[in-house]
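Colleague: quick one, what's the 3D model for this:
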Amino acid sequence: MPDFLPDLPVEKILEALRAAPGNRLKSGKFDSPESSAALSVNAFGWFLERPEAFPVLPGGLGKAKEVVIEAEMRFPWAGGKHTCLDAAIETDRYLIGVECKRYEPFRPAKKSDFGENFDRKVWGENMAGYTRLRRTHANGARRFATLDDVELVKDAYGLRTEAARRNLRPILLYLYAEPATWASGKPVDPQLITAHRADLKLFSESVEGDEVGFAAMTWDEMLALWGRGKMALADHAARVRDQFAPL
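Modeller: Coordinates of the predicted model:
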């Protein structure tokens, strides 16, 4: 069983992990000192039993009513594989899906594509930016060097579908790290960090105005926000930062 930080509802976390696709408990994803899964589960798992402690995010998105981890967002069809976000935060008006990254943007990109199902006209009229990105990728053009645009477009499609079911407005939050070094101590290439920032800017501009709002935050910014909360949350933020540095 993975090691968890103190003051986490371990049984609820394990239940969510067992129910999620991908079998992260047996896959070894938690064992790496560079694990993004371990970071996101330890960070957001703290809120499973105390969603009211989650600070209001920038942009006036409201107070959290529920926080879940390993949040599956089903596409508008039966069967097949559906997208799974690292966390989801529900407020009175918004469904915020969180895609967490740590070292992934600075590793060689994995090949990923869209299946034929994504060509269906089921995404509504206000997803033109995401759909243009999907078609551009499908046509063989690679616009992003460090960003998994396929994953993010699928996240947005799933989030849009689930938010419509709940009569909420969807927001996709990309939460990422900019570590100076790998776990081995070897420096992360600063040019890759710069390229990732440029990719994020391009992606954000490409989907601006679409139904699924897109926002990006660093882990450093998120933990600083938590650190300004009440003592229990500030202590949790400090433990996350200490355990998973550098972020």
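Colleague: what is the subsequent helix or strand relative to the worst-scoring helix or strand of the chain on mean pLDDT?
Modeller: Lowest on mean pLDDT, DSSP states H and E among the helices and strands of the chain sits helix 24-27, with a mean of 68. Downstream of helix 24-27, the first helix or strand assigned by DSSP states H and E is helix 36-45.
Colleague: ok now that following helix, how far from the chain's centre?
Modeller: Computed by C-alpha atoms, centre = their mean, to the nearest Å, the chain-centroid distance of helix 36-45 equals 11 Å.
Colleague: next secondary structure after it?
Modeller: As assigned by DSSP H and E, the chain's next helix or strand after helix 36-45 is strand 66-73.
Colleague: and the residue most central in space within the chain, what is it in contact with?
Modeller: Nearest to the mean C-alpha position of the chain, counting by C-alpha atoms, centre = their mean, stands Glu99 at 0.8 Å. Shown in contact with Glu99 (C-beta atoms under 8 Å, 6 or more residues apart in numbering): 85-86, 151-152, 155, 172-175. (C-beta placed from N, C-alpha, C; glycine too.)
Colleague: sheet partners, orientation included, of the helix or strand harbouring it?
Modeller: Assessed by DSSP H and E, Glu99 sits inside strand 94-100. Here strand 94-100 is paired, per DSSP bridges, with strand 83-90 (antiparallel), strand 169-176 (parallel).
Colleague: and the angle from it to strand 66-73?
Modeller: Strand 94-100 and strand 66-73 are oriented at 70 degrees to each other (axes from the mean of the first three to the mean of the last three C-alpha atoms, to 10 degrees).
Colleague: what packs against the next helix or strand after strand 94-100?
Modeller: Per DSSP H and E, the first helix or strand lying C-terminal to strand 94-100 is helix 128-138. Contacts defined by 3 or more C-beta pairs under 8 Å, 6 or more residues apart in numbering; DSSP states H and E place helix 128-138 against helix 149-166, helix 190-206.
Colleague: could you dump the shortest one to PDB, C-alpha only?
Modeller: Taking only C-alpha atoms (Å, rounded to 0.1, in the frame of the first residue of the first chain), the coordinates of helix 190-206 have been written out as PDB:
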ATOM      1  CA  PRO A 190      15.200  25.200 -18.400                       C
ATOM      2  CA  GLN A 191      14.400  25.400 -22.100                       C
ATOM      3  CA  LEU A 192      11.800  22.700 -21.600                       C
ATOM      4  CA  ILE A 193      10.200  24.700 -18.800                       C
ATOM      5  CA  THR A 194      10.100  27.800 -21.100                       C
ATOM      6  CA  ALA A 195       8.700  25.600 -23.900                       C
ATOM      7  CA  HIS A 196       6.000  24.300 -21.600                       C
ATOM      8  CA  ARG A 197       4.900  27.800 -20.700                       C
ATOM      9  CA  ALA A 198       4.700  28.700 -24.400                       C
ATOM     10  CA  ASP A 199       2.600  25.600 -25.100                       C
ATOM     11  CA  LEU A 200       0.200  26.500 -22.200                       C
ATOM     12  CA  LYS A 201      -0.200  30.000 -23.600                       C
ATOM     13  CA  LEU A 202      -1.000  28.700 -27.100                       C
ATOM     14  CA  PHE A 203      -3.400  26.100 -25.800                       C
ATOM     15  CA  SER A 204      -5.200  28.600 -23.600                       C
ATOM     16  CA  GLU A 205      -5.500  31.100 -26.500                       C
ATOM     17  CA  SER A 206      -6.700  28.300 -28.800                       C
END
